[in-house]
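Q: what follows is a predicted protein model with its sequence.
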Amino acid sequence: MTDAKRVETMKAVRKLMLALATTLTLTAHAQHDPGTPAAVAAKVALRGDANGVRIPEMRVVRRNDILMVQADLANIGNTDRTIFYRFRWLDNIGSQVGDGESWKQMSLLGQAQQTVKSVAPSSVVTDFRLEMNVESR
């Protein structure tokens, strides 16, 4: 394969990846509650409906070269919710770092707010996704 063909192939692959990323981002945003800011929604991978759970704020800080995340979850409904969540840690090219966290379960009472926290497994982590599934109790 010539250098010109490689360059053309790489450009085509980049365009395809960009189109796929855009589609996935738009799909992810479509599932989130309108009360969740777009910058926060971009970090959340919601499996199913939000069922009245918003993420009004997310804080990210790097201490001693390790990423730490706190996310506030708010139930705007009167019905209690069961939330299953985990953090997926990513490196600078978007690949998962480590084996991944196990799913955690928490109860979020009606009209309540609770904070979930996690710390990256290593210093190579540059990004993350908060994966969530919200169910009625």
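A: Noted; the coordinates are in hand.
Q: what about the helices in this protein?
A: Applying DSSP state H to the chain gives helices spanning 3-31, 38-41.
Q: those: lowest mean pLDDT?
A: With a mean of 54, helix 3-31 has the lowest mean pLDDT of the helices of the chain.
Q: which residues of the protein score low on pLDDT?
A: Counting by pLDDT under 70, the chain shows low-confidence ranges at 1, 6-32.
Q: which stretches of it form strands?
A: All strands of the chain, identified by DSSP state E, fall at 44-46, 53-63, 66-75, 81-90, 104-108, 113-119, 127-136.
Q: surely residue 126 touches residue 93?
A: No: shown here, residue 126 and residue 93 do not form a contact pair, counting by Cβ atoms under 8 Å, at 9.1 Å. From N, CA and C alone the C-beta is placed, and that goes for glycine too.
Q: the two: which has the busier surroundings?
A: residue 126 (15 against 7; other Cβ atoms under 10 Å).
Q: list the contacts of the more buried one.
A: For residue 126, the contacting residues are 67, 90, 91, 92, by Cβ atoms under 8 Å, 6 or more residues apart in numbering.
Q: residue contacts, the second one?
A: To tie it back to what came earlier, the one meant is residue 90. So residue 90 contacts 96, 97, 125, 126, 127, 128, 129 (Cβ under 8 Å, 6+ apart).
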